[in-house]
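1. Quick one: sequence and predicted model below, then my questions.
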Amino acid sequence: IDLISKTDTRVLITGENGTGKEVVARQIYQNSPRANKPFVEVNCAAIPSELIESELFGHEKGAFTSAIKQRIGKFEQADGGTIFLDEIGDMSLSAQAKVLRCLQENVVSPVGSDKLIKINVRVIAATNKNLQDEIDKGNFREDLYHRLNVVPLHIEPLSKRLEDIPLLIDHFTQIICDTQGRPIKQFSTEAIEKLQQRRWRGNIRELRNIVERLIILCGAIITVEDVDEYCN
């Protein structure tokens, strides 16, 4: 990841839901030469298809019924920095065409406008889908896939990275205790080993939730008995 961070090339991160694709994207950004510039995240799956182009590229006042004022799009907001297109496999084909043009020409055109706005943005994209399959189904543009897939980075599910669990527990414990104003709690060796035996269908997201649950419900030392009681 450190080597990828130092370059300015596009990255396509793949992996199951909850594997930490956003965390990886932020780490690449934070270690990059653009770290002092904006990091703009877009969840393509959470935006209705009829609004995705306006969200990404902005719109002019009156461009459509609810466009009561001009809006700056996410690409323009990220100018000089990094845009993270999460779940890009869920983006509409029309939006994909405009993203492709943006990547090819480094310009955006707001909805309802003929003007072209020059931008300088690094793109990191992520998806839980197999984009080759989506291409075969006609749901994803092959030319956009090749534009994005300069450096592919696949994140394995947590069940295949059990050795990472102790480090992740320490990381989440620090964040959660700091956020909640609690003294730092400790996980016993036996508790960590017990957690490493889980199947982790929810991946890192599930691990974080369980760490938070144990921190809230347990004492200063989290034991294997605590894991047995609260994590079944």
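-> Good, I have the coordinates. Keep in mind that what you see is a predicted model, and the values were worked out from it rather than measured.
2. CA atoms for contacts and neighbours, from now on please.
-> OK.
3. Verify the stated contact: K74 with E55.
-> Yes - assessed by Cα atoms under 8 Å, K74 is found in contact with E55 at 6.2 Å.
4. Doesn't P152 lie inside a strand?
-> Yes - assessed with DSSP: H, G, I helix; E, B strand; the rest coil, P152 lies in a strand.
5. Name the nearest residue to it, sequence neighbours excluded.
-> Computed as Cα to Cα, 6 or more residues apart in numbering, the closest residue to P152 that is not its neighbour in sequence is L12, at 4.9 Å.
6. give me the beta-bridge partners of that neighbour?
-> A125, P152 (DSSP bridges).
7. From what I see, it and V150 are in contact.
-> Yes - counting by Cα under 8 Å, L12 touches V150, with 7.3 Å between them.
8. shaky segments in the chain?
-> 62-68 (pLDDT under 70).
9. Now do the helices for it: every range, in order, please.
-> Applying DSSP state H to the chain gives helices spanning 2-6, 21-30, 52-57, 74-77, 93-105, 131-136, 142-148, 165-180, 189-195, 203-217, 224-230.
10. Against P33, how distant is the residue nearest to S54 when sequence neighbours are not counted?
-> Distances taken as Cα to Cα, 6+ apart place V111 nearest to S54, at 6.1 Å, with adjacent residues excluded. In this view, V111 and P33 are 31 Å apart by Cα to Cα, to the nearest Å.
11. With P152 instead?
-> The value you get for P152 to P33, if Cα to Cα is used, is 20 Å.
12. Repeat that for Q180.
-> Distance from Q180 to P33, by Cα to Cα: 32 Å.
13. Alright, that wraps it up for me.
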